[in-house]
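> Give me the fold of what follows.
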Amino acid sequence: MRARRPAAGEDRGSAVAEFTLVSVVLVTLFLGILQLGLVVHVRNTLVACAAEGARHAANADRTLGDGEARTAQLVAETLSPRLARGITSRYVDGGGARLVEVEVTTTLPLFGLLGIDRALTVRGHAVDEAAL
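Predicted coordinates for the structure are as follows:
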């Protein structure tokens, strides 16, 4: 028996199957990159909110509670009120200066803004003006 070589017209329809298979891979890759960008955006925004809350609390006429409230307000305005739940603040020693530290612990977004609860923690610091 001789091996039969396919004729030129017998590959018809394979482009559709190849396009479907390649499209699935490309769409999955694109959505993964998009989600990674969202995670980085959420993290950077939370860091900025925590730092602004620490600066607010570090003013001479403010308390730690004021900084927590300001951080919660900023997180709710910029991202989602759902992410503004785990906010704490405290005074820490920063090499001889007293610092205000605001810590935000929230959901790590894995699928849109849904994800692992309390898996992302960021901190913001500012020098306490009242201690100067």
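> mind checking which helix or strand residue 104 is in?
Residue 104 belongs to strand 98-111 when assigned by DSSP states H and E.
> cool, residue 120 as well?
In this structure, residue 120 sits in strand 114-127 according to DSSP H and E.
> just residue 25 next, same as before
According to DSSP H and E, residue 25 maps onto helix 14-58.
> helices or strands up against that helix?
The elements that helix 14-58 packs onto, with contact taken as 3 or more C-beta pairs under 8 Å, 6 or more residues apart in numbering; DSSP states H and E, are helix 64-78, strand 86-93, strand 98-111, strand 114-127. For the C-beta atoms, the positions are set from N, CA and C on the backbone; glycine is no exception.
> Now these in TSV, please, with extra columns for mean pLDDT.
Formatted as TSV, the helices and strands packed on helix 14-58 follow (pLDDT from 0 to 100):
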stretch	mean pLDDT
helix 64-78	96
strand 86-93	95
strand 98-111	93
strand 114-127	92
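> Spatially central residue (nearest the centroid) of the protein, please.
Centroid-nearest residue in the chain, with C-alpha atoms, centre = their mean: residue 42, separated by 2.8 Å.
> got the contact list for the nearest residue to it once chain neighbours are set aside?
Among residues not flanking residue 42 along the chain, residue 109 sits closest, at 5.6 Å (C-beta to C-beta, 6 or more residues apart in numbering). Residues counted as contacts of residue 109 (C-beta atoms under 8 Å, 6 or more residues apart in numbering) are 35, 38, 39, 42, 115.
> Can you give me the distance of residue 109 to residue 30?
The gap separating residue 109 from residue 30 is 17 Å, by C-beta to C-beta, to the nearest Å.
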